[in-house]
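*Asks:* Quick one, fold the following:
(chains A, B and C)
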Amino acid sequence: MAKIHVTTTINGEPTEFLCEPQQTLLDVLRDELRLTGSKEGCGTGDCGACSVTFDGRLICSCLALGAEAEGHEIETIEGMAEGENLHPLQQKFLEHAALQCGVCTPGILIAAKALLEKNPDPSESEVRYWLAGNLCRCTGYDKIIRAVLECAADMRGA
Amino acid sequence: MASENQELKWIGTSPVRPDGTDKVTGRAKFGADLMLPGMLTGKILRSPHAHAKIKSIDTSKAEALPGVKAVVSAADIAEMPSEWVPAGELQLNYRDLASNIMARGKALYDGHAVAAVAATSAAIADAALDLIAVDYEVLPHVIDVEEAMAPDAPVLHEDMFTEGVTPTPDKPSNIFKEIDIGIGDVETGFAAADLIVERSFKTAPVHQGYIEPHAAVASFAEDGQAELWCSTQGHFTARAYCAKLLGMDVSDLRVTASEIGGGFGGKTTVYVEPVALLLSRKAGRPVRVVMTRDEVFRASGPTSGAANWVKIGVTNDGKIVAGEAVLKYQAGAFPGSPVQPGCMCAFAPYDIENVKVKGYDVVTNRPKVAAYRAPGAPIAEHAVESVLDEVAKKLGMDPIELRQKNAAREGTNAAYGPKFGPIGYAETLAAAKAHPHYSAPLGPNQGRGVASGFWFNVGGDSCATMNVSEDGTLVLATGSPDIGGSRASMAIMAAETLGIDVADVRPIVADTASLGYTFLTGGSRVTFATGMAVIEASKQIAEELRQRAAKIWDISVDAVVWEDGYAKPAGANAGDFEPLSIGDIAAQAGKTGGPISANAALNAQGAGPGFGTHICDVEVDPETGRVTVLRYTAIQDCGKAIHKAYVEGQIQGGAAQGIGWALNEEYIYDEKGRLDNPGFLDYRIPVASDLPMIEAVIVEVANPTHPYGVRGVGEVPIIPPMATVANAIEGAIGVRMTELPMSPPKVLAALDNGR
Amino acid sequence: MPGRPEIMARIILTSGLGNQYAGGQTELEIEAADVRRLIAALDERFPGIGPELKREMAVAIDGQIYQDPFLERIEPDSEVYFLPRIGGG
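*Replies:* Next up, the predicted model:
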């Protein structure tokens, strides 16, 4: 099977890769580009561990094909910190112990960042419903929700 | 040196975890994140039948497919003798383990591994699986535990004759074992009762639901040595199991624990690890095997589903005079359900003179159960705590007061035998009663429930190695995979013991070749047992630092004290010396005896039992039967919280899992015994919008065997929620729910029957 | 010591073990200085019980549970329970 040549932008960097037609964007990120921060928890769009943004829109990268990235802009967890500076959400998650095993954390951070860009002042319910597609089995969500709400407040004040 | 009597500087605080940055940036390497040069993709062929004889397996076409480098089946694993070894609470039998890794002779559940391939790409591996021809003879199957116990049930194992009954039956059955525990005489007890309540309950098997699927990368060298990288709660136990299954010397296998994306007991055994090793040995190349979510649900975990019956007798003043239970746990395809600890835990929180519990360990055509947080306890205590609620209601007594009247205390003979040492059950009850949640007003269709839970907690083998670097910072290596922030608590205990800054301790999880045997992360043991090894190593380092300071100062070691992170002269007579920091001493280590290093290896005994009491408010929608959890408070005696935020996190996470067990989670099998909901969407663990904030309240009744009083925390919080929620629903609708999950259709039916 | 009744440790077996090896007896008194000697003494009295105790059982000596017992001391007035080993999730 001939591979497809794809030209795209990942975390702001022009990127080219070859992929098989059936390879998902998640497979390409992980196996071809070695960006393993996006995780596969289900492969069916239920758990959100593979969350990335596609032209700024939050998607499950396991539900997109690698070939679909052609000409678009993808943001992954690897692009969230700027150099040595963690994004305020990353910092807040650390301070709030908003992660235990950490495998859902990249997806939740990407999803939370997308939320705050859309809605800088979400209610607790809005955060809970926005993150309902990002499963966490360790924390019971309490500290995650608090971290997102407090980060939103800080960012509004900043 | 700091001791429990001194003011604590780090213990009880919540510093940022040392591995945190890697986990918020995507840098942390989990099981599936390792890629080696030349690595092949391994995939597993699984039985589509719940119960079938495997007449033949033809792998020739798969082997002939270009890109396929190895195909394996049960024929590649030596036949194992029936031999039981402890593995978590579940005794593990190598013959069964081998047959679970690769079906031998029969496939015993939908999803049972039958063969595996390693190929140069995932697509080729998938194509190869399609080319393996398995000739099955489908057999009648049995899914439900009580149906499996019936005399005419299809028998899974022809050589299984129930243990624990005399004489041993001459007919095989699905009942592996009967268990009896008890004290006193329940007949006498019930005769003295003014009120007797009895009920039958059913609980669904539930999966641990870790977000990271099982994953392993194996690499065999030509000389027979191998390396294994895997997502596991115990890389030393994984090494033991894999070495045995592959016929290797234990020391020839080096296992590195990847970061682990949740385990909750489900990663205390092996599934893909030996398969990756078998494929790598055959192919001569590294092989990675990663389960899909479908495979995780069909072939790993869960914990038992059960059919239970409980009878409790009380006098009018609320004293429990007798408790009796029958617990039937399904073990899945191979024996070894956690019914034993279930029997022991059922009445353990209470001081009862007469207790009788009978347990059955029953095989069914489901995946073999694996440990899940306090294995066995939630299932049994759900029934007991539900009946107690009914007893309280019938007596017109506050449910916390009823529990207070009967609570086990220091010196109480536990229902499973020995006397309790210092325990904090009464303290959790008092805290629950005093909590504002308990007296807050409720609205229409709302109800409040309370329930408690008990778990033993365990100790066991742990090692810790501490090396002082040249600049005085320390590397602390343990063999306990860090699932929920344990590196942080190890660093805290080391810093506290040495009187230094927690940031100067760099904790790591060392591989099996770099450290002595350490039992797995489970049983709420790491902060307790590995913590004791860390404290011991820290004490050795402090002692060594005193010796080195004495040499530097040329005075007697008795004249040197280690205090607040510095070597100091013991008194005015010792001489006038400026205190020396670890860095000062480390800089001169070469002159005073060489590198400063300590190793502690111990088998920690004397784990402190844990108790928790939960309060929950629910609202029931009378139109749909949907139950919404409005408020949740979880109180637990942790002995001592080392990292406060991660202790809270354990309590909150355990409670959330329990709420899922109570309300949503179950396995749905079709009439052919195939799992109908092997995905997160249909299995439905709690999502963020299902839950309220969960308030964790930490009670601290010190465990006297741990230097800082640690009991362990991870398991207790999953025990109370099922009864807590059931009791709250009863409060809201006036109907006792006896079957889990209490999903909308069941609640609606209960409402209709109650109307 | 003459005239003084000898005090021996109180040993409690699970009913399963009692039924299988000890004719239904679950409580007995045995003098033994440590767990190893206690198991040997039990095996002498109830042949076959020793290996079973070593393989599967933890002991609680005066309330303290030892999961992998061997050398633990037993006092003359100790209460020793044999109980199944516990692990966890």
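
*Asks:* And the contacts of the helix or strand hosting B:Asp135?
*Replies:* Per DSSP states H and E, B:Asp135 falls inside strand B:133-138. If you take C-beta atoms under 8 Å, 6 or more residues apart in numbering or on different chains as the criterion, strand B:133-138 is touched by B:45, B:47, B:49, B:51-58, B:61, B:107, B:114-115. Using the backbone N, CA and C atoms, a C-beta is placed for each residue, glycine as well.

*Asks:* Show me how to select, in PyMOL, the buried members of those.
*Replies:* Per 16 or more other C-beta atoms under 10 Å in any protein chain shown, the buried members of the contacts of strand B:133-138 correspond to this PyMOL selection:
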select buried, chain B and resi 45+47+49+51+52+54+57+107+114+115
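
*Asks:* What is the most widely separated pair among the contacts of strand B:133-138?
*Replies:* B:His51 and B:Lys61 (26.3 Å; C-beta to C-beta).

*Asks:* follow-up on the earlier one: what's the next secondary structure element after the strand holding B:Asp135?
*Replies:* Defined by DSSP H and E, the subsequent element after strand B:133-138 is helix B:145-149.

*Asks:* Can you tell me how far the residue sitting nearest the centre point of chain A is from B:Gly26?
*Replies:* Closest residue to the average C-alpha location of chain A: A:Ile110 at 3.2 Å, with C-alpha atoms, centre = their mean. Noted for A:Ile110: a distance of 9 Å to B:Gly26, by C-beta to C-beta, to the nearest Å.

*Asks:* between the two, what contacts are shared?
*Replies:* A:Thr76, A:Ile77, A:Met80.

*Asks:* top of the residues you listed by neighbour count?
*Replies:* A:Ile77 (28 neighbours; other C-beta atoms under 10 Å in any protein chain shown).

*Asks:* The host helix or strand of B:Asp126 and chain A, any residue contact?
*Replies:* When elements are assigned from DSSP H and E, B:Asp126 belongs to helix B:122-131. Yes: contact between helix B:122-131 and chain A, assessed by C-beta under 8 Å from any C-beta of the partner chain, occurs at B:Ala122, B:Ala123.

*Asks:* If we go by neighbour counts, what in that helix is buried?
*Replies:* In helix B:122-131, counting by 16+ other C-beta under 10 Å, buried: B:Ala122, B:Ile124, B:Ala125, B:Ala127, B:Ala128, B:Leu129, B:Leu131.

*Asks:* Can you name the residue of chain A nearest chain B?
*Replies:* Going by C-beta to the nearest C-beta, chain B is nearest to A:Gly37 of chain A, at 1.9 Å.

*Asks:* residue ranges of the strands in the chain, please?
*Replies:* Answering for chain A, as no chain was given. Ranges of strands in chain A, per DSSP state E, are A:4-10, A:13-19, A:51-54, A:57-60, A:73-75.

*Asks:* oops, I was thinking of chain C
*Replies:* Going by DSSP E, chain C shows strands at C:9-12, C:27-30, C:57-61, C:64-66, C:79-84.

*Asks:* picking that back up, could you redo the shared contacts of A:Ile110 and B:Gly26 as a markdown table and give each row distance to chain B?
*Replies:* Listed next are these as a markdown table, based on distance: C-beta to the nearest C-beta, whole Å:
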| residue | distance to chain B |
| --- | --- |
| A:Thr76 | 7 |
| A:Ile77 | 4 |
| A:Met80 | 7 |
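
*Asks:* Contact partners for whatever residue of chain B ends up closest to chain A?
*Replies:* Going by C-beta to the nearest C-beta, chain A is nearest to B:Gly26 of chain B, at 1.9 Å. By C-beta under 8 Å, 6+ apart, the contact set of B:Gly26 is A:Leu35, A:Thr36, A:Gly37, A:Ser38, A:Thr76, A:Ile77, A:Glu78, A:Met80, A:Pro106.

*Asks:* secondary structure class for it?
*Replies:* For B:Gly26, the secondary structure call by DSSP: H, G, I helix; E, B strand; the rest coil comes out as coil.
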